[in-house]
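[1] the amino acid sequence is not available; the structure is as follows:
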């Protein structure tokens, strides 16, 4: 009898310990979700509501999500708050270990972030992004030919006369005061493109040199290595574009 009571007391003790552990875990999860929810408290609730509706529309769009994101960008609806709403959903999916949701939300976050950065980018950086997107993973020579054609379309000719005067301007038949053409805010000179891309490469190289680390063979290290290889490939493409723009002839 005493032995049975001792076993029961031990089981009761183990049960209480288990319940305490479970309650502590539930409290931790509740606090984490509360913390996630608090991130949006600094924003006006009407804006939060609209951002949530927009993010939900992206998730429901399926194969049309690219078009929906571009339309939202044109309407000026892509903001830091929209990114925060996506990040919150992603954070919850990670805590719940929902693999498919994590992958989809991560892609959505990066796509919206890219669209926001594109809208804030200078003409040089927008052109760089367009040129990189021309690469279809195939032959580099064909890609560079496409890029050269695009550059010739974008950059104005650089001889002094054609920079100042439009095509077809006839100096001999011109009378009176010569008006300069209106300044185009989106006009991109080749020299400005070269300068900005060169500065970008210097900044990226400086960060890469600072963050160099030993690579092991564990899953995290292998994933990091693959990401670095992808980044280095993009850098080589940017370097090729810089060389092309630097030596461009009309």
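    Structure received. What you are looking at is a predicted structure, and each value in this text was computed from that prediction instead of being measured.
[2] how about the strands in the chain?
    Applying DSSP state E to the chain gives no strands.
[3] quick one, domains of it?
    Per automatic domain parsing, the structural domains of the chain span 2-122, 124-167+184-246.
[4] I'd like the ones you listed written out as CSV, with mean pLDDT and mean neighbour count added.
    No exception for glycine: its C-beta is placed from N, CA and C like everyone else's. Formatted as CSV, the domains of the chain follow (pLDDT from 0 to 100; neighbours: other Cβ atoms under 10 Å):
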stretch, mean pLDDT, mean neighbour count
domain 2-122, 84, 13
domain 124-167+184-246, 82, 13
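[5] how close does the residue nearest the centre of the chain sit to residue 101?
    Residue closest to the mean C-alpha point of the chain, counted by Cα atoms, centre = their mean, is residue 114 at 3.3 Å. To residue 101, residue 114 is 20 Å away according to Cβ to Cβ, to the nearest Å.
[6] before we move on, what about residue 229?
    In terms of Cβ to Cβ, residue 229 sits 27 Å off from residue 101.
[7] and for residue 20?
    For residue 20 relative to residue 101 (Cβ to Cβ), the value is 31 Å.
[8] and if you look at residue 228?
    Counting by Cβ to Cβ, the gap from residue 228 to residue 101 is 27 Å.
[9] and what of residue 90?
    Distance from residue 90 to residue 101, by Cβ to Cβ: 8 Å.
[10] who touches stretch 144-153?
    Taking contacts as Cβ atoms under 8 Å, 6 or more residues apart in numbering, the residues outside stretch 144-153 that touch it are 127, 130, 131, 134, 190, 193, 240, 241, 244, 245, 248, 250.
[11] got the residues you listed as a markdown table, with distance to residue 65 columns?
    Formatted as a markdown table, those follow (distance: Cβ to Cβ, whole Å):
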| residue | distance to residue 65 |
| --- | --- |
| 127 | 25 |
| 130 | 21 |
| 131 | 24 |
| 134 | 22 |
| 190 | 35 |
| 193 | 31 |
| 240 | 31 |
| 241 | 28 |
| 244 | 33 |
| 245 | 33 |
| 248 | 36 |
| 250 | 40 |
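[12] and which of the residues you listed is nearest to residue 57?
    The closest of the contacts of stretch 144-153 to residue 57 turns out to be residue 130 (Cβ to Cβ; 26.5 Å).
[13] was I right about residue 93 contacting residue 103?
    No: applying Cβ atoms under 8 Å, one finds residue 93 not in contact with residue 103, separated by 9.1 Å.
[14] which parts of the chain are helices?
    2-38, 45-61, 65-74, 80-95, 99-120, 123-133, 140-154, 160-164, 190-210, 219-246 (DSSP state H).
[15] helices or strands up against the second one?
    Judged by 3 or more Cβ pairs under 8 Å, 6 or more residues apart in numbering; DSSP states H and E, the packing partners of helix 45-61 are helix 65-74, helix 80-95, helix 99-120.
[16] quick one: end-to-end length of stretch 53-71, please.
    15 Å (Cα to Cα, to the nearest Å).
[17] not counting its own residues, what contacts that stretch?
    Contacts for stretch 53-71 (Cβ under 8 Å, 6+ apart): 72, 77, 78, 82, 85, 86, 89, 104, 108, 111, 112, 115.
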